[in-house]
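Got a predicted model here, sequence first, then my questions.
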Amino acid sequence: MVDRGKDNIKSLKASYEQICEEILDERRHINENLDRLQQNTIRELESIHKRLNNSIEDDTKRCLECISKLKIYGAKLKDNILPERTFITLRKCIDQTAAADSLLKSMIKNDGTDIKFQPNRELIQCHADCTDLGNIIIGDPQHNVDPNKIVRIKDKSEHNIQTATDKFSCGITGICSTSNGDLVIADFDNNCVKLLNQAYKVIDQVQLPTHPRSMCSISSVEIAVTVSKCKADALNGIHFLRVDGGKIIRKQVLKMNHVCYGIAHVDAEVFVTSGTALYEYTMDGRLVKKLYELMHCTAPDQGDI
């Protein structure tokens, strides 16, 4: 019972840390949406400001042109010119005066043009009505899960995740889901990780230095991928990736001095297999201990998954 209590405390701590990360992720999503709303509003403001400013500058330019022409016609009328030339100049002066009068009325009508901002009251009210980012639910412990329960396939569908940059057919060695339902897939043969949306379309892809062997979730938006050839070399390690805004972002790479195959994340630590041994590491790459090693056994070939 004491051991079970300790396990429960450990499990409770892990779920607490997971929920804290999910709350932060939710806040990030809200911030991203608010940034998008802000950018759209500023873009509309800039468009309206530019249009009105250009209109005012155009009216001012036309006004200066009218004044300049009237000054020229007035100067010509003062000169001793032939009567017929005087008539023509006077006609032009009258026409220009009419055009200036029409422009002046238009400018007076648009005088004091101002722009104002009306906040989105529905958005403000929505935030005011909310009391939290989500509900915290106490779930039933999963101690009584039947290990012999039969798993049945309810549905099956096929989707092509080949991209133009792929040189080989896809060899999937790991799949993780994000908080919004997207899928992160490790493609062994093409040395990459792909991000699929809910329609199973590849929306982003990042290349890795060599084959991705295995993958696990660190949080609802963070993934850890083991990268390794069949022998220990400089490429062996764990690549930490983050999914944000439909993109895969490289976060950190932990170099390992052994081949890296399987990986799992438990209680803020990662467990990595080398084909013959099981290692426990902290998230910053410090070796906690070697948990187990199988002696007198060869590691899997390069093509083994």
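On my side now, so go ahead.

Correct me if wrong, but residue 195 is in a strand.
Yes: counting by DSSP: H, G, I helix; E, B strand; the rest coil, residue 195 is located in a strand.

Output the below-cut-off pLDDT ranges for the stretch 201-305 of the chain.
296-305 (pLDDT under 70).

Tell me where it has strands.
Assigned by DSSP state E, counting those that start in this stretch, the stretch 201-305 of the chain shows strands spanning 202-207, 212-217, 222-227, 237-244, 247-255, 263-266, 269-273, 277-282, 287-293.

could you dump the ones you listed to TSV with distance to residue 121 and mean neighbour count?
All C-beta atoms are positioned from the backbone trio N, CA, C, and that covers glycine. Below are those laid out as TSV (distance: least, C-beta to C-beta, whole Å; neighbours: other C-beta atoms under 10 Å):
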stretch	distance to residue 121	mean neighbour count
strand 202-207	34	16
strand 212-217	39	22
strand 222-227	37	24
strand 237-244	30	20
strand 247-255	33	14
strand 263-266	44	16
strand 269-273	48	20
strand 277-282	49	16
strand 287-293	54	11
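
Residue 153: which of those strands is closest?
In terms of C-beta to C-beta, the element of the strands of the stretch 201-305 of the chain nearest to residue 153 is strand 212-217, at 21.9 Å.

ok so, going back, can you put the strands of the stretch 201-305 of the chain in JSON lines and add distance to residue 187?
As requested, the strands of the stretch 201-305 of the chain are arranged in JSON lines below (distance: least, C-beta to C-beta, whole Å):
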{"stretch": "strand 202-207", "distance to residue 187": "8"}
{"stretch": "strand 212-217", "distance to residue 187": "7"}
{"stretch": "strand 222-227", "distance to residue 187": "11"}
{"stretch": "strand 237-244", "distance to residue 187": "13"}
{"stretch": "strand 247-255", "distance to residue 187": "12"}
{"stretch": "strand 263-266", "distance to residue 187": "16"}
{"stretch": "strand 269-273", "distance to residue 187": "20"}
{"stretch": "strand 277-282", "distance to residue 187": "25"}
{"stretch": "strand 287-293", "distance to residue 187": "29"}
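
of all the ones you listed, which lies closest to residue 147?
It is, among the strands of the stretch 201-305 of the chain and with distance given as C-beta to C-beta, strand 263-266, at 18.0 Å.

Mind giving me the packing neighbours of the closest one?
Applying 3 or more C-beta pairs under 8 Å, 6 or more residues apart in numbering; DSSP states H and E, we find strand 263-266 packed against strand 212-217, strand 222-227, strand 269-273.

tilt between the last one and strand 247-255?
Computed by axes from the mean of the first three to the mean of the last three C-alpha atoms, to 10 degrees, the angle separating strand 269-273 from strand 247-255 equals 70 degrees.

quick one: strand 269-273 to strand 212-217, angle?
Using the same axes, to 10 degrees, strand 269-273 lies at 150 degrees relative to strand 212-217.

Strand 269-273 packs against which elements?
Strand 269-273 packs on strand 263-266, strand 277-282, going by 3+ C-beta pairs under 8 Å, 6+ apart.

and the angle for that strand with strand 277-282?
Angle of strand 269-273 versus strand 277-282, following the same axes, to 10 degrees, is 160 degrees.

How far off centre is strand 269-273?
Here strand 269-273 is found 28 Å from its chain centre; the criterion is C-alpha atoms, centre = their mean, to the nearest Å.

which neighbours does it have in its sheet, and in what orientation?
Its sheet considered, strand 269-273 pairs with strand 263-266 (antiparallel), strand 277-282 (antiparallel) by DSSP bridges.
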